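*Asks:* next comes the sequence, and after it the predicted model I'd like to discuss.
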Amino acid sequence: MGPSNLVDIGGGLVILKEFTVEFDAEDIDTDTEASMKVYWDSEHFTYEIAELKLTRAGDQQLNGSLLRALPIQAMLRAAISRAIQFKVPAESGFELRHIAISDAEAKRLSKQGPKPETLDWVARIYKTARIKLMPPTQYVGSFFEIPHRTASHWIKLARDRGHLTD
């Protein structure tokens, strides 16, 4: 994965422009294996599926019923989760890691309220939710374990104070 396949979306977040992810039969709860090629559509700030390949792994036929039963949206969300990276400062500039924060750290941020550090994370979580095709305010509220109304207020503060631009 070179820099040419990365898109910096701000707030320390970087995503892959395009990638392919494999799903085995257990991942999608069928007798079918799948691979999904996904690309970033910057104009619409979302990932799109460019290609979906299915391979019969057992006796199940590849037919319309199987296609309707496949959890395509959940598969896309799982794929997107793997494509979001966080830039961490390092000696040679930065290194990429999957975005992760411990429950204890999320609780600490939540308890301190809408301070700059918390609002940075509100912006990251908000952008992550948008990319993952999830309701952003609900996602921020769940992440910080705060009421929907508080999450909405923190998102507004993050925008007003320059932590979130979209």
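*Replies:* Arrived safely. Numbering: from 1, shown residues only.
*Asks:* from here on, just use CA atoms for contacts and neighbour counts.
*Replies:* OK.
*Asks:* surely Asp41 is in contact with Glu48?
*Replies:* Yes. In this structure Asp41 lies within contact range of Glu48 using CA atoms under 8 Å: 6.7 Å.
*Asks:* could you check which of the two has the larger neighbour count?
*Replies:* Using other CA atoms under 10 Å as the criterion, Asp41 and Glu48 rank with Glu48 on top: 15 against 12.
*Asks:* sec struct for the more buried one, please.
*Replies:* Of the three states, Glu48 takes strand according to DSSP: H, G, I helix; E, B strand; the rest coil.
*Asks:* just give me the neighbour total for Lys111.
*Replies:* By other CA under 10 Å, 12 other residues sit near Lys111.
*Asks:* the one 3 residues further on too?
*Replies:* The local packing of Pro114 (other CA under 10 Å) involves 20 other residues.
*Asks:* residues contacting it?
*Replies:* 154, 157 (CA atoms under 8 Å, 6 or more residues apart in numbering).
*Asks:* tell me how far it lies from Ile131.
*Replies:* Computed as CA to CA, to the nearest Å, the Pro114 to Ile131 distance reads 23 Å.
*Asks:* beta partners for Ile49?
*Replies:* Using DSSP bridges, the beta-bridge partners of Ile49 come out as Val38.
*Asks:* pretty sure Leu54 contacts Ile28?
*Replies:* No. If you go by CA under 8 Å, Leu54 and Ile28 don't touch, sitting 11.2 Å apart.
*Asks:* okay, the two: which has more neighbours?
*Replies:* Taking neighbours as other CA under 10 Å, Leu54 and Ile28 compare with Ile28 leading, 17 against 13.
*Asks:* so how far is Lys127 from that one?
*Replies:* With distances taken as CA to CA, Ile28 is found 26 Å from Lys127.
*Asks:* what's the spacing between the longest helix seen in the chain and its chain's center?
*Replies:* The single longest helix within the chain, with elements called by DSSP state H, is helix 116-131. Relative to its chain's centre, helix 116-131 lies at 11 Å (CA atoms, centre = their mean, to the nearest Å).
*Asks:* ok, stretch 102-112 next?
*Replies:* Centroid separation between stretch 102-112 and its chain, computed with CA atoms, centre = their mean, is 20 Å.
*Asks:* buried residues in the next helix or strand after the longest helix of the chain?
*Replies:* Downstream of helix 116-131, the next assigned helix or strand under DSSP states H and E is helix 136-144. Neighbour-count burial for helix 136-144 flags 136-141, 143-144 (criterion: 16 or more other CA atoms under 10 Å).
*Asks:* what's the answer for stretch 107-120, then?
*Replies:* For stretch 107-120, by 16+ other CA under 10 Å, it's 109-110, 114, 118-120.
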